[in-house]
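1. This is a predicted model, with the sequence first.
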Amino acid sequence: MIISDVEKFVFVHNPKVGGMTFRTALMPFDTRENFFFEWKEVGDLKKTLDLAHITPFQLNRFFPDVFASIESYYKFGFSRNPYSRFMSAISQHLKLCTPYIRNAVLSNEDLFYGIASEFALTSLKQDIIDQDVRMVHFRKQSNFFYYSGKIWVNDVFKLENLHEVKEESIGKYLGNSIDNPINQTSGYGGAYDITRLTRDAIRALNEFYGVDFNNFKYEKLS
């Protein structure tokens, strides 16, 4: 998350949705000394949060003064097709392996999609995803933009239609990052072949991310 008290805007960093590109462009406007970045222990119980990807619920619970101070600010972020975002998160987690394991998996597409399918069936569970900070990339996108059942931000732009942001007021802050993303592997256009996932895995994704398909108007595969 990036907060600009001068420009009165808040960038909500939805995981695996081009966030580092936008963060780099918006950092010159940050007025909170890069506080909302990295993992930090918060609260009396020293709960570890990924502050870069903090949700409005977490912000209000652990930083209520900050939550209140940005109530009138322009808040925005980006959504991404849930299938592509899920696959990007799988790729991200392969980086946690040794480069040898990662390269072995990525060099075998059948294995890669097989692992992704198995993960969707066995590990895409609410308690696992929400309780383990390492799983933040798999959390529902709605968690970052909705609070108490209502939309919390002013705008959620689709990453797939990024060019449209140029015409918005926030476009002047993002500059040429719109045309020159830092992380080219993020697959803005959806470079993954979702049909190579098993049908059971696709059903699991449809169920787990159902609220995201609905809120951000993405079509489900059958």
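-> Yep, it's here.
2. what element comes up after the longest strand seen in the chain heading to the C-terminus?
-> For the chain, the strand reaching the highest residue count under DSSP state E is reported as strand 74-79. Next along the chain after strand 74-79, taking DSSP states H and E as the criterion, comes helix 82-94.
3. between that next one and strand 74-79, how big is the angle?
-> Between the axes of helix 82-94 and strand 74-79, defined by axes from the mean of the first three to the mean of the last three Cα atoms, to 10 degrees, the angle is 80 degrees.
4. How about residues contacting whatever helix or strand comes next after helix 82-94?
-> Downstream of helix 82-94, the first helix or strand assigned by DSSP H and E is helix 99-106. In this structure, residues lying in contact with helix 99-106 by Cβ atoms under 8 Å, 6 or more residues apart in numbering are 91, 94, 95, 97, 111, 112, 115. (C-beta placed from N, C-alpha, C; glycine too.)
5. Now restrict those to buried residues only.
-> Among these, those scoring as buried are 91, 94, 112 (criterion: 16 or more other Cβ atoms under 10 Å).
6. With residue 28 as the reference, measure out to the first one.
-> Put plainly, it is residue 91. Taking Cβ to Cβ, to the nearest Å as the measure, residue 91 falls 29 Å from residue 28.
7. Please apply the same query to the second one.
-> The span separating residue 94 from residue 28 equals 32 Å under the rule Cβ to Cβ.
8. Check residue 96 too.
-> Counting by Cβ to Cβ, the gap between residue 96 and residue 28 amounts to 31 Å.
9. Also residue 67?
-> Shown here: residue 67 relative to residue 28, a distance of 24 Å by Cβ to Cβ.
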